[in-house]
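> Predicted coordinates and the sequence they were generated for:
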Amino acid sequence: MKFTASITIMPLKALLDPQGKAVTSSMKNLGLPEIDNVRIGKHVTLELESGNRDEASKKVDEACKKLLANPIMEYYEFQLEEVK
Amino acid sequence: MKFGVVVFPGSNCDRDMQHVLQNVMGQKTVMLWHKDHDLQGCDFIVLPGGFSYGDYLRSGAIARFSPIMQEVMEFADKGGFVMGICNGFQILTEATLLPGALLHNDSRKFICKNTYLRCETDESLLTSKMRVGQVIKVPIAHGEGKFFADEATIQSIEKNDQVLFRYCDVSGNTGDAFNPNGATNHIAGVCNSQRNVFGMMPHPERASEGILSNTDGRIIFESILNMAEVRIRN
């Protein structure tokens, strides 16, 4: 079975996100002062072959834990979809 | 003493480090290619500054899985000396050989300038010839150098005397105005709890020769040689 994973990695909520902060202030400059608290992370997509959904989920989780996200500064979540 | 400087794709301070170790400090120094699996009998491994793997994903995140890092991690686990400067520090935190992580500077700017560092402990290989409170001027050059760890980790680092240097002013006072990147507790360099792995964001290899008008960084290399000699004598 072939799966695609769609992974979102975000800076931990407690951490300052200087990139998001800079973008938030530019929202005001372009006339959208209603927009606040912009936070910027990463979006990763990948494909994998796996016997079943559980196994695929475990593999993606491992990839996130070991490489794609650093738990000291980031959290992640992902969605798996089977490619038919 | 035999030093090994690891070369990752994108390292750019590797030759400066080799020059200082070899030509300024007179030590045998070899370059270790990241794809190799052999530390060539080195006594001390340096992970140099630069932009390994273009800083893709996160600084140091991909370099940490380079083939040679397996040997570096085993070497460190057995008590071998490993030092990371700048990107090397980032790699060592990603490899969990050192606590914490290096985040984007608060200002979001890449900062390249001289900083003052206050020595926080003389109980380390890197600072064995320094006195606590001594101030040296060493340049930084990074965009992601804000040392961060959760509160419990910071407490344990502080309690175990693992902070090597803090950013300060010329007289040794710490404060937000002298903290270039927003580092927690103004931390510029740390060691692990076993005190054999070291990381610092500033570049002592850029401040070790008179021709560069700054020799303050040299005391770090002198400290390494000093304490290593004491160990060999005993």
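Received it, and whenever you're ready, just let me know what you need.

> Residues touching the least confident helix or strand in chain A by mean pLDDT, excluding its own?
When each helix and strand of chain A is scored by mean pLDDT, DSSP states H and E, helix A:18-29 comes last, with a mean of 93. With contact meaning CB atoms under 8 Å, 6 or more residues apart in numbering or on different chains, helix A:18-29 is reached by A:11, A:33, A:35-40, B:104-108. Every C-beta, even on glycine, is put in place using the N, C-alpha and C of the backbone.

> Narrow these to those that are buried.
Buried by 16 or more other CB atoms under 10 Å in any protein chain shown: A:Pro11, B:His104, B:Asn105, B:Asp106, out of those.

> between the residues you listed, which is nearest B:Glu94?
Proximity to B:Glu94 was ranked across the buried ones among the contacts of helix A:18-29 by CB to CB; first place goes to B:His104, at 15.0 Å.

> what separates the closest one from chain A, distance-wise?
5 Å (CB to the nearest CB, to the nearest Å).

> which of the residues in the helix or strand just after the least confident helix or strand of chain A are buried?
Tracing the chain past helix A:18-29, the next element assigned as helix or strand by DSSP states H and E is strand A:42-49. Buried positions in strand A:42-49, judged by neighbour count with 16+ other CB under 10 Å: A:Val44, A:Leu48.

> Which strands border strand A:42-49, and is each parallel or antiparallel?
strand A:2-11 (antiparallel) (DSSP bridges).

> quick one: the partner strand to helix A:18-29, angle?
Between strand A:2-11 and helix A:18-29, the angle comes out at 80 degrees (axes from the mean of the first three to the mean of the last three CA atoms, to 10 degrees).

> Quick check: B:Glu94 touching B:Arg58?
Yes: contact between B:Glu94 and B:Arg58 holds when scored by CB atoms under 8 Å: they sit 7.1 Å apart.

> what two of the contacts of helix A:18-29 are the furthest from one another?
Of all pairs drawn from those, the one with the longest distance (CB to CB) is A:Pro33 and B:Asn105, at 26.6 Å.

> just to revisit the earlier point, what is in contact with B:Glu94 and B:Arg58 at once?
Residues touching both B:Glu94 and B:Arg58 (CB under 8 Å, 6+ apart): A:Asn70.

> interface residues of chain B facing chain A?
The interface of chain B toward chain A, taken as CB under 8 Å from any CB of the partner chain, is made up of B:57-58, B:61-62, B:65, B:93-94, B:100-101, B:103-108, B:148-150, B:182.

> if we go to 6 Å?
B:Arg58, B:Ala101, B:Leu103, B:His104, B:Asp106, B:Arg108 (CB under 6 Å from any CB of the partner chain).

> what sits against the fifth one?
Under the criterion of CB atoms under 6 Å, 6 or more residues apart in numbering or on different chains, the contact list for B:Asp106 reads A:Pro18, B:Gly182.

> Can you point out the buried residues in whichever strand or helix holds B:Leu32?
Assigning secondary structure by DSSP H and E places B:Leu32 in strand B:28-33. Within strand B:28-33, the residues that count as buried by 16+ other CB under 10 Å are B:Thr29, B:Met31, B:Leu32.

> Give me the pLDDT for the closest residue to B:Asn214 other than its chain neighbours.
Once flanking residues are discounted, B:Asn214 sits nearest to B:Ala207: 4.2 Å by CB to CB, 6 or more residues apart in numbering or on different chains. Predicted confidence (pLDDT) for B:Ala207: 98.

> what's the spacing between B:Ala207 and B:Met83?
Applying CB to CB, to the nearest Å, the value for B:Ala207 to B:Met83 is 15 Å.

> more neighbours, the two?
The residue with more neighbours, out of B:Ala207 and B:Met83, is B:Met83; 26 against 22, by other CB atoms under 10 Å in any protein chain shown.

> Run a quick neighbour tally on the residue nearest to B:Ser193 when sequence neighbours are not counted.
Excluding its sequence neighbours, the residue lying closest to B:Ser193 (CB to CB, 6+ apart) is B:Asn160, at 5.6 Å. Applying other CB under 10 Å, we find 15 residues neighbouring B:Asn160.

> and the gap between B:Asn160 and B:Ile154?
According to CB to CB, B:Asn160 and B:Ile154 sit 11 Å apart.

> same thing with A:Ser6?
Taken as CB to CB, the span from A:Ser6 to B:Ile154 is 34 Å.

> burial of the spatially closest residue to B:Pro202 that is not a sequence neighbour, as a residue count?
If the residues on either side of it in the chain are set aside, B:Pro202 comes closest to B:Val138, at 4.0 Å by CB to CB, 6+ apart. The number of residues packed around B:Val138, counting by other CB under 10 Å, is 25.
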